[in-house]
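In: pasting a predicted model and its sequence here:
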Amino acid sequence: MSAINFAVIGYGGMGAYHVHNILPNENERIHIVGTYDINEERQAISQEKGHKIFKSYDEVLADETIEAVLIATPNDLHKELSIAALKAGKHVVCEKPVALNTAELDEIVAVAQETGNTFMVHQNRRWDPDFLLVRELYRNGQIGDLFQLESRVQGANGIPGDWRHVKKQGGGMLLDWGVHLLDQMLWLIDSPVKDVKADLSFVLGEEVDDGFFALITFENGVKAIVEVGTSNYTQLPRWYIKGTEGTATITDWDLNGEMVQATGREDVAAPKPVQAGVGLTKTMAPPSELAAKEIPFPKAEADFEPFYKNFYNVVRNGAEPIVKNEEVRAVMQLIERIFATA
Ligand code: NAD
């Protein structure tokens, strides 16, 4: 079956990343016909790289050879550009966050349903190796049942770019990184959200949040702490995972870290008190060598298709999308709940 003829809308940081880093691996399935950006400098750069340049969005939509578009523009444009493409008979891959809120998403999905065209959101961090490792630990029980998962990304560079500082353009870190971390949690933990406590940070004094903290309790009792910061000159680990039989610290995206498993041995002597600061503690003494052992992280690979392979199979073969619009909606609802709580 033939590759899907594709146009990239918004040839900025992420649009160019799709073109140069993701789609080259997919050239049997996705054929990039050209790009369109309102910024002339970006148009010129794309042209220099040898791409066909569309002069307007209308030109893309009127081109009958184009079957699908990627929307990689600032967040406030996702809704109108997606709806226009769906109405013009195109399938759509839309960057995250899908839109500014659930109501906007519902409008897009209604048009996708009316037109019968595919609308899929690029919630790509389901494929991150660190997340796949946590998913493997959640499933394989190596450190028991996971009852608390802490997921953090922390930088020291403030809010990047231009439009990410502007509220009406969908700026702020909850809509930016929050989508990824919350999508991972909701996709992983197969239980409804029971309670949310949250706080947004405005350390930089801007009109949008520069980070947030959320404590999410699921109905099955699992707790997730999700935190994003942009004023962190040192970082906490990317993941800290507590299971009933062990603990895992995944420091970074390269899977550095450590995992310690309780041995469950019965011949372990009671821990001896240790000096702690100016006091003494038995409770906080390290476990004895017999009580716990360090074990390597398991191998964890995606047992589901890469994003664009799945998009191709959805469009050409009626496959189930991996990123479902109901799941995207659940993430937007959780984001709205965090905004309201905070
Ligand atoms: P960016 O500012 O680098 O690029 C946006 C581009 O869109 C710019 O070149 C701009 O000129 C262009 N643009 C603006 N209005 C347009 C219009 N009406 N028509 C065509 N082009 C238009 O921003 P970015 O970092 O590339 O982010 C773009 C989108 O990608 C955002 O929604 C962001 O959340 C998302 N993103 C996703 C990931 C991910 O991992 N999935 C990573 C980064 C960004």
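Out: That came through, no problem. Predicted model, so just to flag it, every value in this text is computed and none were measured.

In: residue of the chain closest to the ligand, please.
Out: residue 12 (1.8 Å; CB to the nearest ligand atom). To be clear about C-beta, it is placed using only N, CA and C from the backbone, and glycine gets the same treatment.

In: enumerate the residues of the chain near the ligand.
Out: 9-15, 36-39, 42, 57, 72-75, 77, 95-96, 122, 124, 161, 176 (CB under 6 Å from any ligand atom).

In: what pLDDT does the model give residue 195?
Out: Note on residue 195: pLDDT of 98.

In: pretty sure it is touching residue 216, no?
Out: Yes. With contact defined as CB atoms under 8 Å, residue 195 reaches residue 216; the gap is 7.4 Å.

In: who's more crowded, these two?
Out: residue 216 (23 against 12; other CB atoms under 10 Å).

In: show me the contacts for that one.
Out: 185, 193, 195-196, 223-226, 334 (CB atoms under 8 Å, 6 or more residues apart in numbering).

In: mind redoing it with 6 Å?
Out: Applying CB atoms under 6 Å, 6 or more residues apart in numbering, we find residue 216 in contact with 193, 196, 224.

In: top of those residues by number of neighbours, please.
Out: residue 224 leads the contacts of residue 216 on contacts (other CB under 10 Å) with 23 neighbours.

In: and the helix or strand that contains that residue, how far from the chain's centre?
Out: Using DSSP states H and E, residue 224 falls within strand 223-229. For strand 223-229, the separation from the chain centroid amounts to 13 Å (computed by CA atoms, centre = their mean, to the nearest Å).

In: now do stretch 283-291
Out: That offset, for stretch 283-291, works out to 36 Å (CA atoms, centre = their mean).

In: surely residue 334 is in a strand?
Out: No. Judged by DSSP: H, G, I helix; E, B strand; the rest coil, residue 334 forms no part of a strand; its state is helix.

In: which residues in the protein form helices?
Out: For the chain, applying DSSP state H gives helices covering 13-17, 40-48, 57-62, 78-87, 102-115, 129-140, 173, 179-188, 307-317, 325-341.

In: quick one, strands of the stretch 151-300 of the chain?
Out: Counting by DSSP state E, counting those that start in this stretch, the stretch 151-300 of the chain has strands at residues 193-201, 211-218, 223-229, 239-243, 246-250, 257-262, 274-276, 279-281, 292-294.

In: just give me the neighbour total for the nearest residue to residue 119 once chain neighbours are set aside.
Out: In this structure, residue 119 finds its nearest non-sequential neighbour in residue 112, 3.9 Å apart by CB to CB, 6 or more residues apart in numbering. Neighbours of residue 112 under the rule other CB under 10 Å: 19.

In: so for residue 112, what pLDDT did the model give?
Out: pLDDT, residue 112: 98.

In: wait, it touches residue 89, no?
Out: No. Residue 112 lies out of contact with residue 89 (CB atoms under 6 Å); the separation is 11.8 Å.

In: could you list the low-pLDDT ranges of the protein?
Out: Scanning the chain for pLDDT under 70 picks out nothing.

In: can you do 90?
Out: Applying pLDDT under 90 to the chain picks out residues 1, 264-272, 286-289.

In: show me it divided up by domain.
Out: The record's domain parsing of the chain by the TED database lists 2-121+305-338, 124-302.

In: what is the burial count for residue 7?
Out: Counted with other CB under 10 Å, residue 7 comes out at 25.
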